[in-house]
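# Got a sequence here, can you build the structure:
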Amino acid sequence: MSTETSHVGPGGSAPGAKGLKGGALGLLSGIVIGLASTAPAYSLAASLGLIVMIAGEKAPSILLLAFIPMYLIAVAYRELNKAEPDCGTTFTWAARAFGPWVGWLGGWGIIAADIIVMANLAQIAGQYSFLLVGADDLAQSTLWTTVAGVIWIVLMTYICYRGIEVSARLQYALLGIELVLLAAFAVIALVKVAIGDAPEGSLTPDLSWLWPGGIGVSELVAAVLIAVFLYWGWDTAVVVNEESDDPSSTPGRAAVLSTILLVVTYVLVTVATVAFAGTGTEGIGLGNEENASDVFAAIGPAVFGDSPLGSFFVVLLVISVLTSSAASTQTTILPTARAALAMAAYRAIPRRFAAIHPRFQTPSVATWAMGIASVVFYAGLTLVSENVLADSIAAVGLLIAFYYGLTGFACVWYYRRQLRGRDLWVKGVLPGLGAVMLLAAFVLASIDYAATDSGTTVVFGIGGVFVIGIGSLMLGAILMIVYSRMAPAYFRGETLRKAP
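Here you go, the predicted model:
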């Protein structure tokens, strides 16, 4: 861990003076938090099969395409963070660029997306907890996986409450297990393909896999939207900016480096998985719908073999998915709580959410509030229908495109008077291009998700994914209008004129 520097104010407070523990995180900690937030093992296990079913052996090219807007928005985060390292990120920057109303919706987008995705992360963590100990029947039980998932949320909320350094140290361990297992999986799979020890249907890797030629436009858009969800979460590296050793530069560098490390990891594992299992519709083929929900569970035993060492690696693979979802549960609470903290500090929501624990220097009320909200949402949707829960996760993609895209546009407008020379590119062209790409994804996804056959539920003749995604944004707009009557100072821009 890095020690405090001159960037840190009295008593360990960061530049925003919200009371967070400044100087607690260095560059490596930021990168670890950014990577862990994306949950690489869990994301690949749950999404890779869906991408392959759409794009076939061209799946690696989809991961490369989705990386482009993610990198461009990471650049926007870096440049905006240089000007104002505020833990509110999109909320604060959009408010500065476009005014308090747009900023409020940006903050709501972060909170809504994080609370919704917590349900799925908790469900996976609960399920894999039972699989790890061989309790397969309990892993199939909605009741018991929900109970276990709720326990994981409470546990990770407590860890976040105890302090950012405790959170970062845990992430080192969880991410380490995850990346080592993914690397071992990819290397062993590729070696078996090379020596001819792969199962029937395996493929020889080819450079053409890195180019999406031959994929239809609609299929391409659908696959890229899934891949964008895979990358989501790296921005947590910037959310903890006020707790970093150099708030104006370290978080932005961590975010950009996180996206680069992610694309390398994702493409390597995807190439290895497609080569080893192939794209067939039978057996362990990635075109088999039965394998789509968890590709590692389907092909892990074949990759590692049935020897004692192989069986040990299979168990470790289960552990890596478990730790991945658990780690992401924790790092999802971090940005949610800090977004709420920033909104409260600027009086955009009740001031109670700005409370900081005097010893742990964490947003105590905001952290527990987000954890409780996640438990209520998860348990509530599970009681209603597992299909609704599945559609709610798909709807997160709309919220991601919304607030990431908004950040890109905010960067361009914030720096509009400085767009000359190098700044024209890093503060204008690149963030603007990323924002336009995500806006297109938002519009196209909204159209697709409105169709009754786009998900598993239909509400009033409209696809459930659209209703949840757009409905959550509309709910935010309603809450914003209601609260504007209770906190007029923020909505008049008065509290934005100085840092809290």
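
# need the contact list for the closest residue to Ala339 other than its chain neighbours.
In space, and not counting its chain neighbours, Ala339 is closest to Ile110: 4.5 Å by C-beta to C-beta, 6 or more residues apart in numbering. For glycine as for every other residue, the C-beta is placed from the backbone atoms N, C-alpha and C. Going by C-beta atoms under 8 Å, 6 or more residues apart in numbering, Ile110 touches Thr89, Thr90, Phe91, Pro335, Thr336, Ala339, Tyr403.

# Can you tell me the element Ile110 falls in?
Counting by DSSP states H and E, the element that carries Ile110 is helix 100-132.

# Same question for that helix: list its buried residues.
Using 16 or more other C-beta atoms under 10 Å as the test for burial, helix 100-132 gives 100-131.

# how close does Leu496 sit to Gln123?
Separation of Leu496 from Gln123 (C-beta to C-beta, to the nearest Å): 38 Å.

# Please disregard the earlier target; I meant Ala148.
Distance of Ala148 to Gln123, given as C-beta to C-beta: 9 Å.

# Same check on His357?
29 Å.

# where does the stretch 1-150 of the chain have low pLDDT?
1-19 (pLDDT under 70).

# Then the chain?
Along the chain, the model assigns pLDDT under 70 to residues 1-19, 164-171, 331, 385-390, 393, 455, 498-500.

# Now do the same for the spatially most central residue of it: helix, strand or coil?
Compute the mean C-alpha point of the chain, and by C-alpha atoms, centre = their mean the closest residue is Gly233, 2.8 Å away. When classified by DSSP: H, G, I helix; E, B strand; the rest coil, Gly233 comes out as coil.

# Return the set of buried residues in the helix or strand hosting Gly471.
Assigned by DSSP H and E, Gly471 belongs to helix 464-484. Using 16+ other C-beta under 10 Å as the test for burial, helix 464-484 gives 464-470, 472-473, 476, 480, 483-484.

# Counting by contacts, list what it packs against.
Under the contact criterion of 3 or more C-beta pairs under 8 Å, 6 or more residues apart in numbering; DSSP states H and E, helix 464-484 touches helix 100-132, helix 386-414, helix 430-450.

# tell me the angle the first one makes with helix 464-484.
So that's helix 100-132. 130 degrees (axes from the mean of the first three to the mean of the last three C-alpha atoms, to 10 degrees).

# now the angle from helix 100-132 to helix 386-414?
Per the same axes, to 10 degrees, the angle that helix 100-132 makes with helix 386-414 is 140 degrees.

# Against which helices or strands is the next helix or strand after helix 100-132 packed?
Downstream of helix 100-132, the next assigned helix or strand under DSSP H and E is helix 136-139. Counting contacts by 3+ C-beta pairs under 8 Å, 6+ apart, helix 136-139 packs against helix 100-132, helix 142-162.

# Give me the residues contacting helix 136-139.
Here helix 136-139 has contacts from Gln127, Tyr128, Phe130, Leu131, Trp144, Thr145, using C-beta under 8 Å, 6+ apart.

# Would you mark the buried spots in that helix?
Leu138, Ala139.

# Make a markdown table out of the helices and strands packed on helix 136-139 and add distance to Ala255.
Shown next, in a markdown table, are the helices and strands packed on helix 136-139 (distance: least, C-beta to C-beta, whole Å):
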| stretch | distance to Ala255 |
| --- | --- |
| helix 100-132 | 15 |
| helix 142-162 | 20 |
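
# With respect to Pro301, which of these lies nearest?
helix 100-132 (13.0 Å; C-beta to C-beta).

# ends of stretch 198-205, how far apart?
In stretch 198-205, first residue to last residue: 13 Å (C-alpha to C-alpha, to the nearest Å).

# mind listing what's buried in that stretch?
So for stretch 198-205, counting by 16+ other C-beta under 10 Å, buried means Ala198, Pro199, Gly201, Ser202, Leu203, Pro205.

# Off-centre distance for it?
32 Å (C-alpha atoms, centre = their mean, to the nearest Å).

# Could you do stretch 72-84 as well?
Worked out by C-alpha atoms, centre = their mean, stretch 72-84 lies 17 Å from the chain centre.

# tilt between whichever strand or helix holds Val180 and helix 142-162?
Under the criterion of DSSP H and E, Val180 resides in helix 164-194. Angle, helix 164-194 to helix 142-162, by the same axes, to 10 degrees: 130 degrees.

# packing partners for helix 164-194?
Partner elements for helix 164-194 (3+ C-beta pairs under 8 Å, 6+ apart): helix 27-38, helix 40-55, helix 142-162, helix 250-277, helix 295-304, helix 308-345.

# In CSV, list the ones you listed along with mean neighbour count and distance to Tyr378.
CSV is the format used below for the helices and strands packed on helix 164-194 (neighbours: other C-beta atoms under 10 Å; distance: least, C-beta to C-beta, whole Å):
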stretch, mean neighbour count, distance to Tyr378
helix 27-38, 26, 18
helix 40-55, 25, 16
helix 142-162, 20, 6
helix 250-277, 23, 26
helix 295-304, 22, 22
helix 308-345, 24, 11
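
# Quick one: closest of the ones you listed to Gly408.
Across the helices and strands packed on helix 164-194, Gly408 has its closest neighbour in helix 250-277 (13.2 Å, C-beta to C-beta).
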